[in-house]
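[1] The following block contains a protein sequence and its predicted model.
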Amino acid sequence: MTGTEEAKAAPGGLRLWLMQDVGEESKPRGGPHSSPREAHKTNKWWQVMCLTGVDYFSTLGYQPGIAALAAGAISPIATLVLVALTLIGALPVYRRVASESPNGEGSIAMLERLMSFWQGKIFVLVLLGFAATDFMITMTLSAADATAHLVENPHLAPLLSGHQILITLILLALLGGVFLRGFKEAIGFAVILVAIYLVLNIVVIGDGIGKVIADPSLWSDWSTALTQQHGSPLVIVGIALLVFPKLALGLSGFETGVAVMPHIDSGPDDTPEHPVGRIRGTKHLLTTAAVIMSVFLITSSVVTTLLIPPAEFQPGGSANGRALAYLAHEYLGNTFGSIYDASTIAILWFAGASAMAGLLNLIPRFLPRYGMAPQWARAVRPLVLILILGAFAITIIFRANVDAQGGAYAAGVLVVITSAAVAVTLAARQARQRKLAIAFGLIALIFIYTTIANIIERPEGVRIAALFIAAILTVSLASRFARSFELRVTNVTFDHTAQLFFRDTARRTIRLIAKEPDRRERSDYSDKLRQMSRDNDLTDPNDVIFVEVTVKDPSEFAGQLDVKGEVQHDRYRVITFSSSTVPNALAALLMAVRDNTHRLPHIYFEWTEGNPAANLLRFLFFGVGEVAPVTREVIRRAEPDRNRRPHVHAG
């Protein structure tokens, strides 16, 4: 049963509600971050920056604590290394990604264009697995950290302590409710939320800097601790270079920054092919966000490392996962601290919304087009329900623990950024930009090192990502096989010669003979015609049209048929076209001929030699095989009325 048939089988009201944003014949929906429709309202780049910023900036809620826990006293220096990698690595990479994919496709689509056939599809699915890890763990980790801020609040701790998992599940359910209701006015809300959150962080960090300046002993104690523990400055820098991969969560948000491109205002001279104004706005967005975040990362790392006792960063400590909130309560009072907690909780929760939007952009953009998801996967609401259930499972497995999810989050973030670095390196090389290719190649190597170091340090991250990848591959391939007998053709067009062929034969009986396209000598046509006449007792063997289908990329799922007619050897009428699969294309051709001529066409095959099971596998993976019965089965599924089905003959 296809996705459309499944939707029809559901109760009418529920089906209409679930499938409200997609019709039976609709094209894949890209989700909240996809290319907007013509009537879609766009915004200034700085406003859209706040939408991606709820993901990027919200990491301040937990990043300083994670950095201090991972790097100890070296945290500020390791953070400087991270900032350098952000500004001279990730930022140039994603500015190039914005130029190469101005409609929000992202680095995965760039790599997809460079690879074809099944190896390309599998590669994209693996990257989608890491991207899903990134976005799903963003949702669950952010909700868990929001819960930590709630539970650690002095006013709420007696009431909420011990209920972290339940609270996190409630926050995720509320997040799902936002998307089930409709994700509207998100940018306006994000602008307000980000503005309040950044202002409060300026107050907290500014107060911390003031205390560090007022008490020089804090700085001297930290310097002394560094030299006593690690010796010379060169050793300290070397250790910082080794431990900075543990801080990789501070790189989160760049892929989302590209995904929101369609929401940015276009320039007056923009065209769909070259939206120069949108690209320029996106580059402003990425640069401004990176600079703002870099400043906050450095300053927050300094004040939290110098002002918070190391024991408080450990699991169970008051600063674990909430270092800046600890400073807000400790030095600015519980009232201000509670206001800061509320702001942090809100932006962490809404960071999950940004991640959900990213998933709703990626899944419909790739999987339905590959035939690796049902048709209903193009609709937002069914996907939201599935993703929220997955988030529930992750939260329960990790018991809403922020630290436990950090490895998986970092693995997803780093693999996605590394794939972007590789993509822009290949794009620069393809464009013959040798110096840029070398520069991007070096950045890619740094990210590869960072990814490998992070995986070695926290292998549970790649294990979790492997589960996502395995799930995506299993579900995708199962869906592809289940949908293999659909028509899989979006449109059929005929050139003038092909139209003449069918117009002429429609006066009598339209008879088509399926023939291999690789042999086109006169004898090949005459022998084929003689064989088909003998096997099927054709009354007029000369009144036929040969059909030749060329298989291009069998890993593609659906496409258009451009049917061309020609006369071979001054005698034989031949129509040719390309497709990803022979039986489905022939079935679509027969249905189109029937609809255009109002006559039922006949098509004649010879039986395929070989094992039927092996031929079925050839069809599933290479688009050929047992053509005759599969063509008939595709027609049977597409046309329920037996009296309207084109005739399939095999002999």
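    Noted; the coordinates are in hand. Residues are numbered from 1 along each chain as shown.

[2] who touches the closest residue to residue 399 other than its chain neighbours in this structure?
    Take residue 399 and drop its neighbours on the chain: the residue closest to it by CB to CB, 6 or more residues apart in numbering is residue 165, 6.0 Å away. The way it works is simple: take the backbone N, C-alpha and C, and place the C-beta from them, glycine included. Residue 165 sits next to 395-396, 399-400 when contact means CB atoms under 8 Å, 6 or more residues apart in numbering.

[3] Make sure residue 284 is actually in contact with residue 45.
    Yes. Using CB atoms under 8 Å, residue 284 is in contact with residue 45, at 5.0 Å.

[4] and those two? which has more neighbours close in?
    residue 45 (22 against 17; other CB atoms under 10 Å).

[5] need the contact list for that one.
    264-265, 281-282, 284-285.

[6] and if you look at residue 401?
    residue 144.

[7] does the most far-flung residue of the chain relative to its centre sit in a helix or strand, and which one?
    For the chain, the largest distance from the centre (CA atoms, centre = their mean) belongs to residue 539, which lies 55.7 Å off. Using DSSP states H and E, residue 539 is not contained in any helix or strand.

[8] And it, its phi and psi?
    For residue 539, the backbone dihedrals are phi -70, psi -40 (criterion: degrees, to the nearest 10).

[9] Could I get the pLDDT score of it?
    Per-residue confidence at residue 539 stands at 73 (pLDDT).

[10] Let me see the mean pLDDT of stretch 163-171.
    Rounded mean pLDDT across stretch 163-171 is 91.

[11] Same check on stretch 558-571?
    Rounded mean pLDDT across stretch 558-571 is 90.

[12] And stretch 198-208, by the same measure?
    96.

[13] buried residues in it?
    Neighbour counts over stretch 198-208 (16 or more other CB atoms under 10 Å) mark 198, 200-201, 204-205, 207-208 as buried.

[14] May I have that stretch as PDB, with CA atoms only?
    Only the C-alpha atoms of stretch 198-208 are listed here, as PDB (Å, rounded to 0.1, in the frame of the first residue of the first chain):
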ATOM      1  CA  LEU A 198      22.000  38.000  25.000                       C
ATOM      2  CA  VAL A 199      21.300  41.100  27.200                       C
ATOM      3  CA  LEU A 200      21.000  39.000  30.300                       C
ATOM      4  CA  ASN A 201      24.300  37.200  29.400                       C
ATOM      5  CA  ILE A 202      26.000  40.500  28.900                       C
ATOM      6  CA  VAL A 203      24.900  41.500  32.500                       C
ATOM      7  CA  VAL A 204      26.100  38.200  34.000                       C
ATOM      8  CA  ILE A 205      29.400  38.100  32.100                       C
ATOM      9  CA  GLY A 206      30.000  41.800  32.600                       C
ATOM     10  CA  ASP A 207      29.500  41.400  36.300                       C
ATOM     11  CA  GLY A 208      31.900  38.500  36.300                       C
END
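
[15] Distance from the chain centre to that stretch, please.
    Relative to the mean C-alpha coordinate of its chain, stretch 198-208 is positioned 34 Å out (CA atoms, centre = their mean, to the nearest Å).

[16] List the contacts of it.
    Taking CB under 8 Å, 6+ apart as the rule, stretch 198-208 contacts 57, 60, 292, 296, 299-300, 302-304, 306-307, 324, 327-328, 331-332, 336, 339-340, 343.

[17] out of these, which are buried?
    Here, 16+ other CB under 10 Å leaves 57, 60, 292, 296, 299-300, 302-304, 306-307, 324, 327-328, 331-332, 336, 339-340, 343 buried among these.

[18] can you give me the strands in the stretch 351-500 of the chain?
    In the stretch 351-500 of the chain, the strands defined using DSSP state E, counting those that start in this stretch lie at 489-494.

[19] out of the contacts of residue 45, which are buried?
    Buried among the contacts of residue 45 by 16+ other CB under 10 Å: 264, 281-282, 284-285.

[20] Tell me which residues of the helix or strand harbouring residue 588 come out buried.
    In this structure, residue 588 sits in helix 582-597 according to DSSP H and E. Buried residues in helix 582-597, defined by neighbour count with 16+ other CB under 10 Å: 582-594, 597.

[21] With stretch 105-121 instead?
    105-112, 120-121.

[22] what does stretch 625-643 give?
    Those would be 625-635, 638-639, for stretch 625-643 by 16+ other CB under 10 Å.

[23] Among those residues, which one sits closest to residue 461?
    residue 625 (40.8 Å; CB to CB).

[24] Just to be sure, the closest one is in a helix?
    No. If the criterion is DSSP: H, G, I helix; E, B strand; the rest coil, then residue 625 is coil and not within a helix.

[25] for the chain, what's the longest strand?
    In the chain, assigned by DSSP state E, the strand with the most residues is strand 559-568.

[26] CA atoms only for the helix holding residue 588 - export them in CSV, please.
    Extracted in CSV, the C-alpha atoms of helix 582-597 (Å, rounded to 0.1, in the frame of the first residue of the first chain):
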residue,chain,number,x,y,z
VAL,A,582,12.6,0.0,-17.4
PRO,A,583,9.3,-1.6,-16.2
ASN,A,584,8.0,1.5,-14.4
ALA,A,585,8.9,3.7,-17.3
LEU,A,586,7.1,1.4,-19.8
ALA,A,587,4.0,1.3,-17.6
ALA,A,588,4.0,5.1,-17.3
LEU,A,589,4.4,5.3,-21.1
LEU,A,590,1.4,3.0,-21.7
MET,A,591,-0.8,4.9,-19.3
ALA,A,592,0.2,8.2,-21.0
VAL,A,593,-0.5,6.8,-24.5
ARG,A,594,-3.9,5.5,-23.3
ASP,A,595,-4.8,8.9,-21.8
ASN,A,596,-3.7,10.8,-25.0
THR,A,597,-5.2,8.6,-27.6
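
[27] Now it: average pLDDT?
    93.

[28] next helix or strand past it?
    Criterion used, DSSP H and E; the element after helix 582-597 is strand 602-605.

[29] name the helices or strands packed onto that following strand?
    strand 511-515, helix 522-536, helix 627-638, strand 647-650 (3 or more CB pairs under 8 Å, 6 or more residues apart in numbering; DSSP states H and E).

[30] one more time with 7 Å
    strand 511-515, strand 647-650 (3 or more CB pairs under 7 Å, 6 or more residues apart in numbering; DSSP states H and E).

[31] Can you say which of the ones you listed is nearest to residue 96?
    Evaluated with CB to CB, the helices and strands packed on strand 602-605 place strand 511-515 nearest to residue 96, the distance being 46.7 Å.

[32] just to revisit the earlier point, how near is the residue nearest to residue 399 to residue 461?
    21 Å (CB to CB, to the nearest Å).

[33] Residue 126 now?
    15 Å.

[34] What of residue 439?
    Taken as CB to CB, the span from residue 439 to residue 461 is 28 Å.

[35] more neighbours, the two?
    Ranked by neighbour count (other CB under 10 Å), residue 439 and residue 461 place residue 461 first, with 27 against 18.

[36] Look at residue 508 and report its pLDDT.
    pLDDT, read off for residue 508, is 88.
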